[in-house]
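S.K.: coords please:
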Amino acid sequence: MQKNLFTKYFTICAGMILASITVLGALLMGFASQYFRSDKLKVLDRYVNQAAALTLTDYQKNNYLYIDEATLNSVYSVLADAIEATIYLSDTEGTVLICTDTSLFADGQRTVPENILRQAASADGFRETGRMGAFTKASIIRWRASSGCPTGRSPGLFSSPPPPAA
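M.R.: Coordinates of the predicted model:
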């Protein structure tokens, strides 16, 4: 009888300990995942802001007439490699002008959808963890408009983490 009672209590205690460890482990993984996601977003935002500033500098250097695609593409490539992301530039009509990874786009799609451009031009900007209305194959996280262009045709920068490995 005592052995049976001991087995019963031991089983209950061991089950509670295992359940507690499982719940605490799941909570820890959830908090860690959110922290790393938040950290990645901050880094991505900082680099997109740098890319926007460099784009504006190049645009100003060329008297607001054009952007030097070769220069910006090399700058974007360095920034994109540093954060393992794809950075691309579009005009206000949504036409993608420069991209560090053309395989990012869905088949034949090289224009940012109009509803995303409207949202991006708003005060809050555009932020999504998704595929930007099937525009791309990977998740889009940040959009930043380069301001200060006198023509009103400020370019927009989109940034995305790379597509997951197949």
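S.K.: Residue 33 and residue 11: what is the separation?
M.R.: 33 Å (C-beta to C-beta, to the nearest Å). Yep, even glycine has a C-beta here, placed from its N, CA and C like the rest.
S.K.: actually residue 48, sorry about that
M.R.: Separation of residue 48 from residue 11 (C-beta to C-beta): 55 Å.
S.K.: So these two - more neighbours on which side?
M.R.: Regarding residue 48 and residue 11, a neighbour count based on other C-beta atoms under 10 Å identifies residue 48 as having more, with 21 against 10.
S.K.: Next secondary structure element downstream of the host helix or strand of residue 24?
M.R.: Per DSSP states H and E, residue 24 falls inside helix 2-61. Sequence order places helix 69-83 as the next helix or strand after helix 2-61, per DSSP H and E.
S.K.: export that next one as PDB, just CAs?
M.R.: Included here for helix 69-83 are C-alpha records, laid out as PDB according to Å, rounded to 0.1, in the frame of the first residue of the first chain:
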ATOM      1  CA  GLU A  69      21.900  53.700 -60.200                       C
ATOM      2  CA  ALA A  70      25.400  52.200 -60.200                       C
ATOM      3  CA  THR A  71      26.500  54.100 -57.100                       C
ATOM      4  CA  LEU A  72      23.300  53.400 -55.100                       C
ATOM      5  CA  ASN A  73      23.200  49.800 -56.100                       C
ATOM      6  CA  SER A  74      26.700  49.200 -54.700                       C
ATOM      7  CA  VAL A  75      25.700  51.100 -51.500                       C
ATOM      8  CA  TYR A  76      22.500  49.200 -51.100                       C
ATOM      9  CA  SER A  77      24.300  45.900 -51.700                       C
ATOM     10  CA  VAL A  78      26.800  46.700 -48.900                       C
ATOM     11  CA  LEU A  79      24.000  47.700 -46.500                       C
ATOM     12  CA  ALA A  80      21.800  44.700 -47.500                       C
ATOM     13  CA  ASP A  81      24.700  42.200 -47.000                       C
ATOM     14  CA  ALA A  82      25.400  43.700 -43.600                       C
ATOM     15  CA  ILE A  83      21.900  42.900 -42.300                       C
END
